[in-house]
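> Sequence below, structure please.
(chains A and B)
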Amino acid sequence: MNSINEKQKNTLFAVLTVLPSVILIGIFIYGFIGNTIYLSFTDWGEGAGLTENVSKNFVGLKNYRELFSGFIHGRFRQDLVNTVYYSFFLLGGTLLFGLFFAILLDRSLKYESVFRTIFLYPMALSFIVTGTIWRWLLAPKGGFNLIPTIFGLPKSDFLWTSSRASILNFNWQILPRYIFAIAALVLLIPMVKSFYQRKTSLKKQISLSVSFGVSLLFALFLYKIFPPLLPYEEMHGFNLATIGICIAAIWQYSGYTMALYLAGLRGLSESIRESARLDGCNELQYYIKIAIPNLKPITLSAVIILAHISLKLFDLIFAMAGADNANTGHPSINMYLTTFRANNFALGASIAVILFIIAALFIIPYMIHTHKGREA
Amino acid sequence: MKKNGLKILTASLMALFLILGGMTFAEGQKEAPAAGKAAAPSLEVELTNEQPTGTLEIFSWWAGDEAPALNALIKVFEKNYPEVEVKNATVTGGSGVNAKAVLKTRMLGGDPPESFQVHAGQELIGTWVAANRMLDLTPLFEEQGWMDVFPEDLINLIGTENGIWSVPVNIHRSNVMWYVPENLDKWGVEVPETLDEFLEAAKKLEAKGVTPLSLATTWTVNHLWESTALGVLGADDYEALWNGDLSWDDPKVVEVWSVFDEVLSYTNNDAASLSWQQATDLVVQGDAAFNVMGDWAAGYMMTTLGLEADEEFGWTASPGTNGNFMFLADSFGYPKGSKNPAATLAWLKTCGSKEGSDAFNPLKGSISARTDSDLSKYNTYAQSAAKDFQSDRIVGSLAHGVVANEGFMNDFSTVMEMFLNSRNPQQAANACQAIAIQNGLYK
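Numbers count the residues shown, from 1 in each chain, chains lettered A, B, ... in the order given. Here you go, the predicted structure:
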């Protein structure tokens, strides 16, 4: 009897301890997310948005439809395309440079700690500082563009963040086709694999082939049934202006991935290296065939940590290119301007919700992954 | 089993908070109007002769270079109303980008300052007057005799048919083109008066390897657009555009965009990475011939660069806008729910007074909105601007918030970016038509 009482007391105590933070998080995080989602379905901000007795009418998905297919929201669509490129280059760049620096330091360099500090130091700066430094370095009439003159070459005239050129342009109208074509390509590999491996169940084989078939069909024929996303052609592509932003972001974060990788490399037992060497493996082969495959979990966590940073580039872009430079645009800047400068609160909320969903796409797989790892 | 139960509990708690969050706020916002309506005070400002006491908080973005001017104005106020303690609340950031966001949270939170700085015209009207959060100042204007000392065009532009909403403290001119006379002589170019003359001169300059027109980041492009639009359309059609009488997809407006496209082709290509000061520097250093910028550029050249007005630099109305004065003004308004009405009133009186504006403007580098100001206190440039202000037709600026609301201004910047990439006049005109409808320009 007594022990049960004790247990209940403990439970009560535990619940009471957790309750305040549950309530606070519930209100200030989930409550506000809920409110933002609700607002994104209203028309708050059309007309006088700041009145005391503001009228908000439920308009369903209108704001989202506007963003993806409205005439004047081309900037938002370009922002989304930019986000894809920002994520891609930020991840690729930081992983490559981080690994490279880690391998350099792993080879028991002299003054290793000095180099480690130097590589890691940019991490300590805020994006505003980084942005200001790089804005100066990338000014069209100075900085990087003067480098060729050291070698007696004419100075470069690339405009960096004010460049208006873009490459790899595609038509937004046929974006769904591209998406389905990519989906078909991605599905092709596991499908072929599933047929060769006897172990896979029939159910899985069928579901894979069906989704592959549907994607392929859509990409090739079915798109004709659905109306195009936009009534007119709208080209989006990779804006060269974003290169400068990517360089600054990579500069800031590659030290961080270096630290992650270095810890990973140090974690590999020396005996692995020894036995590899005994088997006639040279340094390059050791890194490519043995070390890097063993660093897979580190790469994964680095990807998760860095992927959401590409969604938080607001301050870096603001400092480097300014809020009105649409070529380096980012949904977060667009959200700020739409909400607090144009007073269009509902539309701003929609952009925020879209950003939230993209962030969730990165974070949820990570949560599932770590959860699984803990249970096993 | 137990673990699953916990998971379900967490998930349902999260969902509950999400839904509750959405709902509570939705409910709260429905209830507010009843209370707000019952307590709504009369729209017009109530005049009193009560001697003000207590504290007066004035909210502005005048810090740094502009702080001395504001301090001079505050000094005049303190001399006349020694009982009042002035709290000078500034939020820094050019053209008030940050200050405006802070002001919005304060107004929505029910904590308005006694008076706040705002660009006169639609930027105030579209945001705060439409929201019914300002008091009509017409009685004050009548009492102080401001109806006669402020130009009529100006009063029309800062008011609506329901009233006058703010007291302008300064006037800046937006359609000014700057140059260095000596350099123009060297290049053999006359100061152009019309857009055609300008384009001709530009061609000549370009052949000599000089940038004809220097330009900076996006807002200066909008600034150049409004001057070009005024030049192409003329004052009547320019005003019609903002009254909703001239449609944005009218061929005349398409023509504005085509001319603008041509003008842009004579500008420096690194514009987006320059500040307006750097664009002015290009002219001063002789890398560029002209620059269209507001008359704060005069202050920059005289005070910061130490140049002699009318000798080391010269100015004229931007091409095709001779006889028109495109203005923008900072002003102070009277928000509803001011905690110290008598002090707010006293502050507004100071802002509009001859003594106040003649203390403020010479330091700010602007001119007074009053036509009877003491010109001997002003510099060479300001004297010429003040003379034009008294005789010219007065129109409002787009880039600085006189003629269009904040929603339109923001969307216009987006359209401008679109145009800079596509250089398609018809598309830009159509986009403007869309944002004009969306932001209620046609009413």
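> okay, and for chain A, where does confidence drop off?
Where chain A drops to pLDDT under 70, the residues are A:1-4, A:47-48, A:198, A:200, A:222-223, A:373-376.
> pull the longest helix from it.
helix A:74-106 (DSSP state H).
> quick one: is that one near chain B?
Yes. Under the criterion of C-beta under 8 Å from any C-beta of the partner chain, helix A:74-106 makes contact with chain B via A:74, A:75. (Each C-beta comes from the backbone N, C-alpha and C, glycine too.)
> For that helix, name the packing helices and strands.
Judged by 3 or more C-beta pairs under 8 Å, 6 or more residues apart in numbering or on different chains; DSSP states H and E, helix A:74-106 is in contact with helix A:62-69, helix A:112-120, strand A:235-239, helix A:242-267, helix A:296-307, helix A:331-336, helix A:345-375, helix B:406-422.
> Indicate which one of the ones you listed is closest to residue B:175.
Closest to residue B:175 of the helices and strands packed on helix A:74-106 is helix B:406-422 (C-beta to C-beta; 17.3 Å).
> The helix or strand following that closest one versus helix B:406-422: what angle between them?
Where DSSP states H and E defines the elements, the next helix or strand beyond helix B:406-422 is helix B:425-438. Angle of helix B:425-438 versus helix B:406-422, following axes from the mean of the first three to the mean of the last three C-alpha atoms, to 10 degrees, is 170 degrees.
> Contacts only, for the nearest residue to residue B:146 once chain neighbours are set aside.
Computed as C-beta to C-beta, 6 or more residues apart in numbering or on different chains, the closest residue to residue B:146 that is not its neighbour in sequence is residue B:352, at 5.5 Å. When contacts are counted by C-beta atoms under 8 Å, 6 or more residues apart in numbering or on different chains, residue B:352 is found next to B:144, B:146, B:167, B:168, B:169, B:369, B:370.
> before we move on, what SS does the residue in the stretch 201-350 of chain B positioned nearest to chain A have?
Closest approach between the stretch 201-350 of chain B and chain A, counting by C-beta to the nearest C-beta: residue B:272, at 3.3 Å. Following DSSP: H, G, I helix; E, B strand; the rest coil, residue B:272 is assigned to helix.
> and residue B:281, how many neighbours does it have?
Residue B:281: 18 surrounding residues under other C-beta atoms under 10 Å in any protein chain shown.
> Residue A:226 too?
Here the count is done by other C-beta under 10 Å, and residue A:226 has 9 residues near it.
> Could you say which helix or strand holds the nearest residue to it once chain neighbours are set aside?
Nearest non-adjacent residue to residue A:226, counting by C-beta to C-beta, 6+ apart: residue A:176, 7.5 Å away. If you go by DSSP H and E, residue A:176 is part of helix A:175-196.
> list the buried ones in the very next helix or strand once past that helix?
As assigned by DSSP H and E, the chain's next helix or strand after helix A:175-196 is helix A:202-220. Along helix A:202-220, these residues count as buried under the neighbour rule (16 or more other C-beta atoms under 10 Å in any protein chain shown): A:208, A:212, A:215, A:216, A:218, A:219.
> again, but for stretch A:111-124
Under 16+ other C-beta under 10 Å, the buried positions of stretch A:111-124 are A:116, A:119, A:120, A:122.
> from these, which single one is nearest residue B:152?
Closest to residue B:152, out of all of those and judged by C-beta to C-beta, is residue A:122, at 58.8 Å.
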